[in-house]
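Visitor: Fold the following for me, if possible:
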Amino acid sequence: MNYGSTAHRQTPIRRVPFEARLQSLKRFSLLPLAILAILTTVVAVLDIRVSLLPPFLFPLLQTVLVFVVYASISYLAGVGFQRTGSWEILLFGTTLLLFGTALMLAAYLSRFGGLNTNTTIHNTSALLGTIVLLVSMFFATGSAPPAAKTSRMLLTVVFYGAAIAFMATVAILTLLGLTPSFFTASGPTALRQVLYGTATILLAISTTWMSILYYRYRADFLYWSFLGFGLIVLGFAGGLFVHVLSDAVSWLCRLSWYFSSFYFWIAGLAMHAEARKKSMGIPELLDRFIRHGKRNYEFFLETASDAIISMDRRHRILLWNAAAERLFGYSSDEALGQNLFDLIVPPQGTVPFEKTVENLPLLEDGRSPIVLELTVRKRSGETFPTEISLSVRRLSVGHFARTAEIITTMSIRDITERKRAEAAVIRSRMTFAELVERAPFGIYVVDSEFRVAHMNAGSQTGAFRNVQPVIGRDFDEVMHILWPEPVAEEIIAHFRHTLDTGEPYYSPRFINPRHDIAVVESYEWELHRMALPDGRYGVICYYFDSTKLREAEAALRESEERFRLAAKAAKIGAYSRDFKTGQDYWSPEFLAIYGLGPGEPLPMKEGVPAAVHPEDRQIVLNAARSRIECPPENEFSSEHRIILPDGEIRWVMIRGRMEFDAQKQPLRSHGFAMEITERKRAEEELRKLNETLEQRVAERTELAESRARQLARLTSELALTEERERRRLAEVLHDHLQQLLVGARLNLDILHHQAEDGQKQALEAARSLLAESIQTSRSITAELSPPILYQNGLIAGLEWLSRWMREKHGFSVEMQIEPDVVIEREAMLVVLFKTVRELLFNAVKHSGVNTAKASLFRDGPDRLKIVVSDTGKGFDPDRKLEHGEEKGGYGLFAIRERLEFLGGRFEAESAPGKGASFTITVPVKKAVPAQKSIVFPNAPPMKSSEKKSPTLRVLLVDDHAVVRQGLSMILSTQEDIEVVGQAADGEEAVALAREVQPDVILMDISLPGINGIEAARRIHAEQPGIRILCLSMFEDHDMAASALQSGAAEYLTKSGDTEVLLSAIRGQGKGASLGGGQFVNGDS
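Guide: Modelled structure (predicted):
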């Protein structure tokens, strides 16, 4: 990397769309109107008469700011009339031409005829212009036919010429004194006030009409146009209070006209933008907004396929389009004015439909029309189903007619065919549902073309799960997928026989190996021919997968044998008793439990064995009575003691079941007996053991928690020790290996200058290898332990990490960081940095996206929160955090453990396919407000005329002798550079700078004691004339910025080109400006 090389990233300038700018300007559009209205009112009420009228200013302003704009718009209106023939466009242009011409003539002629001349010309044109504009508004909302193409040019000349001729005539008559006086020495005359007031009122009506058009069409050029006319109305209203041409009110009126010109200009731009968007000319656009809305609506009504009907609140039909005529058989003349319900709604549907209509809300505030189905009646009396879309609107324009008529509009569509189709679908579904109901187990249908036509869901996920798709597939192919060739052919033959003959088929025992999976399955199935919905025959198959049943039968036989053997070994005895016959059965194992031999009778007493312990006899008797007297309780069990013939006491458990007849009388009882003496002894011992168990558990828990805390502490110390060792290795690389490599490169530079041409190629290769070695060593240093983290803190470290991730992995990290964060604990600093880095590494490896976001901010006065998120694949956070699945790395489980040990908290939110978000919360100290640093201006490059001598005096500052020696040897080869001193640390550099007064100082950043940045700040503060060039092994933007802010003129890397270094010493550096200095860095 060479000194002086810079890489500028040009941020593209985004062009703001014109529509966005227009919307932004619209927010302040009413402000000039309000200000001028307030000022005009205040000046008129207070009767402020300040006079100011420089020569020719009034005519000039009227010409440039009014006439030019109005005449331009009149020209566009004339062109629009030529193309469209719209009378309203022609009248609109005539109005503006009258206004513009009158205002300009009045201004110029006022110098000859005074205020009366000005007022007469202006007021007469105002009245005529407002009348013409009002007529234009009537045309805009009417349906007048366009003018004939052959007469449009003539009409334009006539209207515009008449306007100009009228103004010329009024001007001449006024100058000759042949018109009534509008203004005298005592003020305006009554005639003038009436005429001008009438013009003001008419213009206000036209402006209001234009605002209605805007609220109808929402076109920007209509908005700015009606605001422009509103300003003219304001100027007219203020003119009623004018006393002289130059007083304050008159100037405020003119400002209103000037602002109206500005608004008309914006309206023209908006019209141009809208025309370009719709690929049409401005005249066509005007005609479209004024006329085509109504025409399109009428065309839509006449060509709509659905019947469209409107009625008022009294249910009288107001609109009946052509589709309604075709649908119901009534012509428009017959239907209009009739009651809708009487005409088309059958009697049984009138009341519900009428209530529905009356309860409809107005179609506003984002509501959608209500859609319902209703049976209606034709003229012939035939009824048919329809779908009706109902909406209630107020017959008004914009927001100005609040008391207008309420109109109900409905769109009616004949849905007879749809209802038939729905009925067919329902019948088909019922047919299939019937098949499913008849099927005992799995079911599928093969059609006449021998394709699988239907199959229930259980079959698709069961026996046919390996055939996808199965519906519509050839049945031969399906069978050959599932079964071996002979079995498949046999099944197909049975299906074809049933399809051809109609004979049902019932399979015998069917046990065969599957072809698609290595298992043997058993089925019971039957075939029937049936008629399908298409009218042809098909075959339906009902089948039952008896594989598990047969396996269960075999397992049951095996289980019975095992149970018999187990019962014999475990001495579990069975018994049964028939209450009808009085017969009892006791197995030999049962009798052995009671100490009796096989075949010996079991003595009974009161219905229970006589061997029952006297203390337990009542319990057993109660259990026996309850199972007889309470039939629903047909299961019973009992644990009690028995006394054997030899006096031994045993515990036995009896479990059985009682069966009853329809009259709830006992039929039989059967169950088993098992000796539980050993279990009872174990339970007693367990009870005694439980008395001391809680104390033991508490002791073990406390021990486990203590060991867990020790383990967490050791783990944290191990991580911190690892980071310290990484930092030590990074410092070794930087302080020793990299400095030696730089010294070797400097010596090679000297040899390169002294070598002959034949040797320079080899030296160049050696220099390239050294440069690559320096770069590799620098990268390893940064990956082991980024120096910026310990020098400038967590924020600088995270910003470096963001850049490093982008350069190393092409992964973009958006950082949002609050600057006032203090992390003093080294363990906390290391854990936070490694946590963020590991989370970003995980995003690179697993998220599947190339962007992530990291935010660092305060969460209260003593907590810091870091959020790392991405929009990638996501994962199951519970599984990751609870089980710690990561193999190696600084995984999520380890992150949570370390943060909790430091008093922090780690939370993960994610789900598959929904990205991941990780929140880290740790305690931190309150931020201490940083003292405002004093930044001294950097010394400019030294001019040759300012040097005391042709030789530049240079002081070398570096803690590595090999670097100082290499720099000194290079500089000694330059005739205009002299090394006047060398320093090994910052303190020595400050002292030598005072002593030798050098012109230039080459200052290493990393120095023992005070570092190079602090030394540069002190030297620059004392001797601002000394140019300081900071040298470092680090290519870091933040470190460069710190160096330049301390007073350094440039920042260079030690691995850079020697020629660039010499140029910088001579004040010829070409680095990019930053903070008043130069930043020479290949990564800038």
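Visitor: Who are the contact partners of Ile866?
Guide: Taking CB atoms under 8 Å, 6 or more residues apart in numbering, we find Ile866 in contact with 832, 835-836, 854-856, 919-920. In short, each C-beta sits where N, CA and C put it, glycine included.
Visitor: For ChimeraX, what selects the buried ones among those residues?
Guide: ChimeraX command restricting these to the buried ones, with burial defined by 16 or more other CB atoms under 10 Å:
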select :832,835,836,854,856,919,920
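Visitor: Which ones among the contacts of Ile866 lie within strands?
Guide: Counting by DSSP state E, the part of these found in strands is 854-856, 919-920.
Visitor: okay, now the domains of the chain?
Guide: 18-44+55-290, 305-414, 421-551, 571-675, 686-780, 786-923, 944-1079 (automatic domain parsing).
Visitor: could you pull out the strands for the stretch 551-700 of the chain?
Guide: For the stretch 551-700 of the chain, applying DSSP state E, counting those that start in this stretch gives strands covering 572-578, 584-586, 604-605, 608-609, 635-643, 649-660, 666-675.
Visitor: Show me what the fourth one is packed against.
Guide: Here strand 608-609 touches helix 614-629, going by 3 or more CB pairs under 8 Å, 6 or more residues apart in numbering; DSSP states H and E.
Visitor: Now do the buried residues in stretch 330-349.
Guide: Going by neighbour count (16+ other CB under 10 Å), the buried part of stretch 330-349 is 330, 335, 338, 340-341, 343-345, 349.
Visitor: What is the nearest of these to Arg393?
Guide: Of all the buried residues of stretch 330-349, Leu340 has the smallest distance to Arg393: 16.1 Å, by CB to CB.
Visitor: Run through the residues that contact the closest one.
Guide: With contact set as CB under 8 Å, 6+ apart, Leu340 has these partners: 309, 311, 315-317.
Visitor: If we use 7 Å, what do you get?
Guide: 309, 311, 315, 317 (CB atoms under 7 Å, 6 or more residues apart in numbering).
Visitor: any idea how far the last one is from Ile308?
Guide: The one in question is Ile317. Distance of Ile317 to Ile308, computed by CB to CB, to the nearest Å: 11 Å.
Visitor: re earlier: filter the buried residues of stretch 330-349 down to the ones in helices?
Guide: Per DSSP state H, helices hold the following members of these: 335, 340-341, 343-344, 349.
Visitor: Present the residues you listed as a markdown table; the columns should include distance to Leu1007.
Guide: Listed next are these as a markdown table, based on distance: CB to CB, whole Å:
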| residue | distance to Leu1007 |
| --- | --- |
| Ala335 | 100 |
| Leu340 | 97 |
| Phe341 | 99 |
| Leu343 | 101 |
| Ile344 | 99 |
| Gly349 | 97 |
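Visitor: mind giving me JSON lines with these and columns for pLDDT?
Guide: Putting those into JSON lines (pLDDT from 0 to 100) gives the following:
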{"residue": "Ala335", "pLDDT": "89"}
{"residue": "Leu340", "pLDDT": "88"}
{"residue": "Phe341", "pLDDT": "85"}
{"residue": "Leu343", "pLDDT": "87"}
{"residue": "Ile344", "pLDDT": "86"}
{"residue": "Gly349", "pLDDT": "71"}
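Visitor: wait, Ala814 sits on Ser855?
Guide: Let me fix one detail, which is that residue 814 is Glu and not Ala. No: the criterion here is CB atoms under 7 Å, and Glu814 misses it with Ser855 at 8.7 Å.
Visitor: Please identify every residue contacting each of the two.
Guide: Counting by CB under 7 Å, 6+ apart, Glu814 and Ser855 have no shared contacts at all.
Visitor: before we move on, back to that, with distance to Glu558 added, can I get the domains of the chain in TSV?
Guide: As requested, these are arranged in TSV below (distance: least, CB to CB, whole Å):
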stretch	distance to Glu558
domain 18-44+55-290	81
domain 305-414	64
domain 421-551	10
domain 571-675	18
domain 686-780	35
domain 786-923	39
domain 944-1079	77
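Visitor: Select, out of those, the one closest to Leu565.
Guide: Of the domains of the chain, nearest to Leu565 by CB to CB is domain 571-675, at 11.0 Å.
Visitor: what about that closest one, start to end distance?
Guide: 7 Å (CA to CA, to the nearest Å).
Visitor: okay, which residue is most central for this structure?
Guide: In the chain, the residue lying closest to the centroid (CA atoms, centre = their mean) is Thr871, at 10.1 Å.
Visitor: Which residue, neighbours along the chain excluded, lies closest to that residue?
Guide: Nearest residue to Thr871 in three dimensions, chain neighbours excluded: Gly915, at 4.2 Å (CB to CB, 6 or more residues apart in numbering).
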